[in-house]
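Chemist: give me coordinates for this.
(chains A and B)
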Protein chains: 2
Amino acid sequence: MMNRVVAYSTNATIKILQQPSNPEWIETAIANLDTILLDHSHCERKAAGAAINLMFRYPAHQKLVRQLTAIAQEELSHFDQVNQWLEKRNITLAALNSPPYFAQLKSQVRHPEPDRLIDLLLVLAIIEARSHERLGLIGEYCPDAELAKFYRSLMASEARHYGIYWLLASEYSDRPTVQRRLAELGEYESSILATMHPEPRLHS
Amino acid sequence: MMNRVVAYSTNATIKILQQPSNPEWIETAIANLDTILLDHSHCERKAAGAAINLMFRYPAHQKLVRQLTAIAQEELSHFDQVNQWLEKRNITLAALNSPPYFAQLKSQVRHPEPDRLIDLLLVLAIIEARSHERLGLIGEYCPDAELAKFYRSLMASEARHYGIYWLLASEYSDRPTVQRRLAELGEYESSILATMHPEPRLHS
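Modeler: Reported below is the predicted structural model:
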């Protein structure tokens, strides 16, 4: 069903992802849509939590705080919308173990400042960019037209979020340094996804 | 200026707080309004974080998740509003050490379930009830009429929040047990506040 090349998620100015998703990923996702929806709910909650945690770590960074507040609000609104989809499809809200993706990406965050902040922002930019790409794929291939439409409706904010994280990183270092680090982290992210995690997840 | 008895924060059906605030607290707060505003900003962020952390701990508790999502959204919106007040008054967003209040209350949370969940919910109910009382006092005594109005506007949601936390606790145990525990925690909370923390804080 999906033997065409999977679209590349970038926008006009930033290339966040180094590699598009493996076509196997979307086949697995569509074949396990209920698990993906449940995982997606957890991802939205985690995304809100990540934005809030970052504010806890940098409570005096005015611009960061303002923009992360808006992101956290949007993620919570998506979380609520995904949970309504779970109810509609009679999927019970349940714990779900995370794929290694997040911990592996986090392991790349350097400790001294400002590297730490830049890495945290770029890791979040990459996660959002990958979500954007994959929600877009679900929006394209999902057989339930209404659910597909919902997924397409989420894409714009995911793109906005990765743009914000990337721009914030550029506030704390010069752009060439940020771009170099983004490319390194992006390479690493693609290497994680090169081996597909056996459980169907948004980031497997 | 404040020698009348400070109003007691309860609603018609639940008595959450065992003791009203000491009148000294509001005098200190009004004399240090900028610090209180900054602390208030941190409190709203912490309140959003606490709601999200609770969802992380109990990701499969459908009703809890739904209601905490709404609370976290509202807290973030208040956080944003308080931060706008900081800007308006040229108060720089800065870290501020927490009063011992939160850690002391948290130390009372029992470990085995469902006690843990009930205690976490009741501790949050008490914190919200105390915030409700104290925001109300600021709304009453603040010399800046516009800021006073803002504080009064927040009171209704704080009251709603403590009601929700209390009702959620009643979902996981019978009401007399919840009431007994609430009274114990409420006594403890009053005992913390009996000795005023030397730094001006919302919960000092």
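
Chemist: need the pLDDT of A:Arg160.
Modeler: The score at A:Arg160 is 89. That number is its pLDDT.

Chemist: tell me if the strand or helix carrying it is near chain B.
Modeler: Taking DSSP states H and E as the definition, A:Arg160 sits inside helix A:145-171. No. Helix A:145-171 is not in contact with chain B by Cβ under 8 Å from any Cβ of the partner chain; minimum separation 14.8 Å. In short, each C-beta sits where N, CA and C put it, glycine included.

Chemist: buried set for that helix?
Modeler: For helix A:145-171, burial by neighbour count (16 or more other Cβ atoms under 10 Å in any protein chain shown) applies to A:147, A:150-151, A:154-155, A:157-166, A:168-170.

Chemist: repeat that for stretch A:56-70.
Modeler: For stretch A:56-70, by 16+ other Cβ under 10 Å, it's A:58-59, A:61, A:64-65, A:67-70.

Chemist: ok, which of these also contact chain B?
Modeler: A:59, A:61, A:65, A:69-70.

Chemist: got these as TSV, with pLDDT, distance to B:His203 and secondary structure columns?
Modeler: Output for those, formatted as TSV (pLDDT from 0 to 100; distance: Cβ to Cβ, whole Å; DSSP: H, G, I helix; E, B strand; the rest coil):
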residue	pLDDT	distance to B:His203	secondary structure
A:Pro59	91	17	coil
A:His61	94	24	coil
A:Val65	96	21	helix
A:Thr69	97	22	helix
A:Ala70	96	27	helix
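
Chemist: pick out the most distant pair among those.
Modeler: Taking Cβ to Cβ, the two most distant members of these are A:Pro59 and A:Ala70; they sit 16.4 Å apart.

Chemist: helices and strands around the helix or strand bottoming out on mean pLDDT in chain A, which ones?
Modeler: Each helix and strand of chain A was given a mean pLDDT (mean pLDDT, DSSP states H and E); the minimum falls on helix A:145-171 at a mean of 93. The helices and strands touching helix A:145-171, judged by 3 or more Cβ pairs under 8 Å, 6 or more residues apart in numbering or on different chains; DSSP states H and E, are helix A:62-88, helix A:115-141, helix A:175-194.

Chemist: and those helices, which is most packed in?
Modeler: Counting by mean count of other Cβ atoms under 10 Å in any protein chain shown, helix A:115-141 has the highest mean neighbour count of the helices and strands packed on helix A:145-171, with a mean of 22.

Chemist: so what does that one touch, helix or strand wise?
Modeler: Helix A:115-141 packs on helix A:23-31, helix A:33-57, helix A:101-106, helix A:145-171, helix A:175-194, going by 3+ Cβ pairs under 8 Å, 6+ apart.

Chemist: need those helices in CSV with distance to B:Phe102, can you?
Modeler: Listed next are the helices and strands packed on helix A:115-141 as CSV, based on distance: least, Cβ to Cβ, whole Å:
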stretch, distance to B:Phe102
helix A:23-31, 41
helix A:33-57, 13
helix A:101-106, 26
helix A:145-171, 29
helix A:175-194, 35
